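Novice: Need coordinates for the below:
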Amino acid sequence: MILHVSDISNPHHDELDEEVDKILRELGVDGRPKLSVLNKLDRLSPQEREAITSGADRSAGAGAPLLVSALTGQGIEELLWRIDAEMPTDPVVTLRVRLPLAEGRTLAMIHALGRVLHSVIDDSHMCLDAEVPASVAKRLRLKEYAVEETFPRSLS
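Specialist: All right, here's what the predicted structure looks like:
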């Protein structure tokens, strides 16, 4: 998902948004789900805010931009809700792996991005049971270190 945040208080934000869209097309990622966020609502005059808010109300829906103020927190709760609602899911897999201690980066990533249920050091290896997102397990090639078949077949 692409989170496109624009400074609504910038009088040229429409032109800047067009440039961002152009770059996304050039990168070949313009087809990905995108959530548009208009930030700095707090910098607008009451009249500007009313015009923006009523315009957003008229175009309300899944593709409508969200109006937020990072400074005041206005709209942040709705933004987080929309991110959760629109993000593709990444199922969690439970796995048992035995990794060499020299694989410090991989071990750190498991701890940072997953949930370690149990770990023990065995010689120059760490054996651990962990829950991690399937995409992380695949990216870190954890199947190569699996002690038991704990992965869904789709990670092969």
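Novice: end-to-end on stretch 50-70?
Specialist: With C-alpha to C-alpha, to the nearest Å as the measure, the first residue of stretch 50-70 is 18 Å from its last.
Novice: That should have said stretch 3-11, apologies.
Specialist: Where stretch 3-11 begins and where it ends lie 21 Å apart, using C-alpha to C-alpha.
Novice: likewise stretch 30-49?
Specialist: Across its full length, stretch 30-49 reaches 29 Å between end residues, using C-alpha to C-alpha.
Novice: now that stretch, how far from the chain's geometric center?
Specialist: Distance of stretch 30-49 from its chain centroid, counting by C-alpha atoms, centre = their mean, to the nearest Å, is 19 Å.
Novice: Stretch 20-32 now?
Specialist: Distance, stretch centre to chain centre, for stretch 20-32: 18 Å (C-alpha atoms, centre = their mean).
Novice: And for stretch 86-101?
Specialist: Taking C-alpha atoms, centre = their mean, the mean C-alpha location of stretch 86-101 is offset from the chain mean by 16 Å.
Novice: buried residues in the helix ranked longest in the chain?
Specialist: The helix that spans the most residues within the chain, counting by DSSP state H, is helix 13-27. Residues of helix 13-27 classed as buried under the neighbour-count rule (16 or more other C-beta atoms under 10 Å) are 17, 24. Where you see a C-beta, it was placed from the backbone N, CA and C, and this is true even at glycine.
Novice: oh, and call the first residue 18 from now on, that's how I've got it
Specialist: Sure, I'll start counting at 18 from here, so that last one is helix 30-44.
Novice: Would you mind identifying the next helix or strand past the worst-scoring helix or strand of the chain on mean pLDDT?
Specialist: With mean pLDDT, DSSP states H and E as the measure, the helix or strand of the chain carrying the lowest mean pLDDT is helix 63-75 (a mean of 76). Counting by DSSP states H and E, the element after helix 63-75 in chain order, helix or strand, is strand 83-84.
Novice: Direction included, what does that following strand pair against?
Specialist: Listed by DSSP bridges, the sheet partners of strand 83-84 and their directions read strand 51-56 (parallel).
Novice: Name the helix or strand for the residue lying closest to Val137 once chain neighbours are set aside, please.
Specialist: Counting by C-beta to C-beta, 6 or more residues apart in numbering, Val137 lies nearest to Cys144, which is 5.3 Å off, once chain neighbours are set aside. Remark: Cys144 resides in strand 142-150, with elements defined by DSSP H and E.
Novice: Nothing else from me, thank you.
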